[in-house]
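Visitor: here is my input; please provide its structure:
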Amino acid sequence: MKFFNCSVLGLVGIVLLFAGCTHSTQRSGDGNIEVHHAWVRAVPSNARTSAAYMRLYNHGKKDDRLVAADSPMAEVVELHNVFKEGDMMAMRPVKNILVPAHGSAALKPGSYHIMLINLKNSPKPGKKVNLTLTFEKAGKMDMMVPVQERPMKMMDHDKMGHGKVQHDKMEKDHMDHGGVHGGEK
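Guide: Below is the predicted model:
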């Protein structure tokens, strides 16, 4: 009987381990774009910004681009990238993010990501956020994205002036530094 109990507990443990490792995968209507490991960063109630991260796979024969994102969670949703300016790390909006044919693009802390600015509600762990991605070729994808704690120390978006910076100046600076993301591989 003791062996049976240990075996059952061991089996339950393995099932729970694999359940914790699974992730939701969503595909675009045309089946070419696949989203893996999407998550939104949990933030305190007084935070004005958060960010969404994921990996985008393109199974199609042609490059595609993430051109927009939207969420009822925030007043403004923008595609951003992090870059080094002198000795400082900074970020700015980008017009799109390349997802190369038969390749992928990582939206992750310290790199490309989706900014949720002027939050209407604070994303809390265990909840889900409605997020709509718009691709140049694949069209719109509506997703429910889980909210998670920061897996490691990340840039503090609230201290980077989101919502305070004039977007016209950011756009001008962006165009002065090369404009639309051409898609580094």
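
Visitor: tell me which other helices or strands the strand ranked longest in the chain touches.
Guide: Secondary structure assigned by DSSP state E gives strand 74-85 as the longest strand of the chain. If you count contacts as 3 or more CB pairs under 8 Å, 6 or more residues apart in numbering; DSSP states H and E, strand 74-85 packs onto strand 49-58, strand 64-70, strand 88-93, strand 113-119. C-betas here are computed from N, CA, C, even on glycine.

Visitor: so for T132, which of those strands sits nearest?
Guide: strand 64-70 (4.6 Å; CB to CB).

Visitor: next, the buried residues of that closest one.
Guide: Neighbour-count burial for strand 64-70, counted by 16 or more other CB atoms under 10 Å, picks out 64-66, 68-70.

Visitor: farthest pair in the residues you listed?
Guide: D64 and D70 (17.7 Å).

Visitor: what about Y57, how many residues close to it?
Guide: Other residues within reach of Y57, judged by other CB atoms under 10 Å, total 17.

Visitor: let me know the pLDDT of E85.
Guide: E85 is assigned a predicted lDDT (pLDDT) of 86.

Visitor: ok, which stretches of the protein are strands?
Guide: 26-27, 33-41, 49-58, 64-70, 74-85, 88-93, 97-99, 103-107, 113-119, 128-135, 139-148.

Visitor: low pLDDT regions in this structure?
Guide: 1-24, 27-31, 151-185 (pLDDT under 70).

Visitor: need the helices and strands packed on strand 74-85 in JSON lines (columns: distance to T132).
Guide: Listed next are the helices and strands packed on strand 74-85 as JSON lines, based on distance: least, CB to CB, whole Å:
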{"stretch": "strand 49-58", "distance to T132": "11"}
{"stretch": "strand 64-70", "distance to T132": "5"}
{"stretch": "strand 88-93", "distance to T132": "17"}
{"stretch": "strand 113-119", "distance to T132": "11"}
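
Visitor: and the longest strand of the chain, which strands flank it?
Guide: Paired neighbours of strand 74-85 in the sheet (DSSP bridges): strand 88-93 (antiparallel), strand 113-119 (antiparallel).

Visitor: closest one to P44 among the ones you listed?
Guide: strand 113-119 (10.5 Å).
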